[in-house]
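**Q** After the sequence you'll find the predicted model.
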Amino acid sequence: MSSSKLYINRREGSAISGWIGPTTFFVNGAIVSPKQKDLVGVNGVVHGLMIWIDKTSLKTSYEYTQTPDNPKVNSIFTINQRSSNYDGRFTLFVPNDAAIDRIDSSKLRDLQQDVQKLHEVIRAHYIKNAVLFYNLLLITIRDSLTPTKERCQYVNHIHITFYVNSGGVTSAITLGNITVNNGVIHVCDRLLGFIYNTVRQQISEDSPLVLNILY
């Protein structure tokens, strides 16, 4: 059933992949528990997940941004209309209300009138032919009593901020892993691909105390 669509991925631990530890399987961004997998029953197999995953939406990424199932996803983001004609898979980044509100209205109007720049901004918000989730992090911890001994530990993403960098803009993901019929959506706190502040303005916006020290 499309409403139960699952994206299953495997990552093998190696220096090349950047993944530390054993081969790990993911379902919609959730790690399959190494201790609770392959539990065989009379009518199937059960795999335990390390985090809760929400039900997949029947909508495509474009349809979801127009009429979100989750009220935390705003529907004012219309720059991804080109994606409505694309049949493949997507990873889509949607700026939240705060991301739009922080931009001066005159600069937004200028962006809407600049067709080439608008296309670049649109392109900065999606990845075609890939469904990329963020998940639990697997980190290596060095034992304080035995410095040569290392162990792996999973860190819950709830306590960690994930960032995306695209088009020269770095944005924090405020709500992620929204699985839709043709991919996944992540909500972020900045409009990607659109640099509109001077250095001083950016420091003033992000770190006003630092600005007072520098100037």
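**A** Thanks, I have the structure now.

**Q** ok, which stretches of the protein are strands?
**A** Per DSSP state E, the chain carries strands over the ranges 8-11, 24-27, 30-31, 39-41, 44-46, 90-95, 126-128, 137-142, 150-155, 163-166, 169-180, 183-188.

**Q** Okay, and the beta partners of the closest residue to Ile51 other than its chain neighbours?
**A** Across the structure, with C-beta to C-beta, 6 or more residues apart in numbering as the measure, the residue nearest Ile51 apart from its sequence neighbours is Ala30 (4.7 Å). Backbone N, C-alpha and C define where each C-beta goes, glycine included. Beta bridges link Ala30 to Val27, judged by DSSP bridges.

**Q** Tell me if I'm right that Ala30 and His47 touch.
**A** No: counting by C-beta atoms under 8 Å, His47 is not a contact partner of Ala30; they are 9.8 Å apart.

**Q** What distance do you get for the closest residue to Thr60 other than its chain neighbours to Thr67?
**A** Across the structure, with C-beta to C-beta, 6+ apart as the measure, the residue nearest Thr60 apart from its sequence neighbours is Asn182 (4.8 Å). Counting by C-beta to C-beta, to the nearest Å, the gap from Asn182 to Thr67 is 15 Å.

**Q** Ok, Phe90 next?
**A** As defined by C-beta to C-beta, Phe90 lies at a distance of 17 Å from Thr67.

**Q** Same check on Phe93?
**A** On the measure of C-beta to C-beta, Phe93 and Thr67 end up 19 Å apart.

**Q** What of Ser106?
**A** Computed as C-beta to C-beta, the Ser106 to Thr67 distance reads 30 Å.

**Q** cool, Val73 as well?
**A** Using C-beta to C-beta, Val73 is found at 10 Å from Thr67.

**Q** more crowded one of these two?
**A** Between Val73 and Thr67, counted using other C-beta atoms under 10 Å, Val73 has the larger neighbour count: 17 against 9.

**Q** That one - nearest residue in space that isn't next to it in sequence?
**A** Nearest non-adjacent residue to Val73, counting by C-beta to C-beta, 6+ apart: Val187, 5.8 Å away.

**Q** Also Leu108?
**A** Of all residues apart from its sequence neighbours, Ile100 sits closest to Leu108 (C-beta to C-beta, 6+ apart), at 7.5 Å.

**Q** The one you found: how many residues sit nearby?
**A** Residue crowding around Ile100 was assessed by other C-beta under 10 Å; the count is 15.

**Q** got it, and Glu120?
**A** Residues near Glu120, counting by other C-beta under 10 Å, number 16.

**Q** do the same with Ile185
**A** 25.

**Q** Next up, the contacts around the closest residue to it other than its chain neighbours.
**A** Distance criterion C-beta to C-beta, 6+ apart; nearest residue to Ile185, sequence neighbours excluded, is Ile178 at 4.1 Å. Applying C-beta atoms under 8 Å, 6 or more residues apart in numbering, one finds that Ile178 lies in contact with Asp54, Ser57, Tyr64, Asn70, Val73, Val184, Ile185, His186, Val187.
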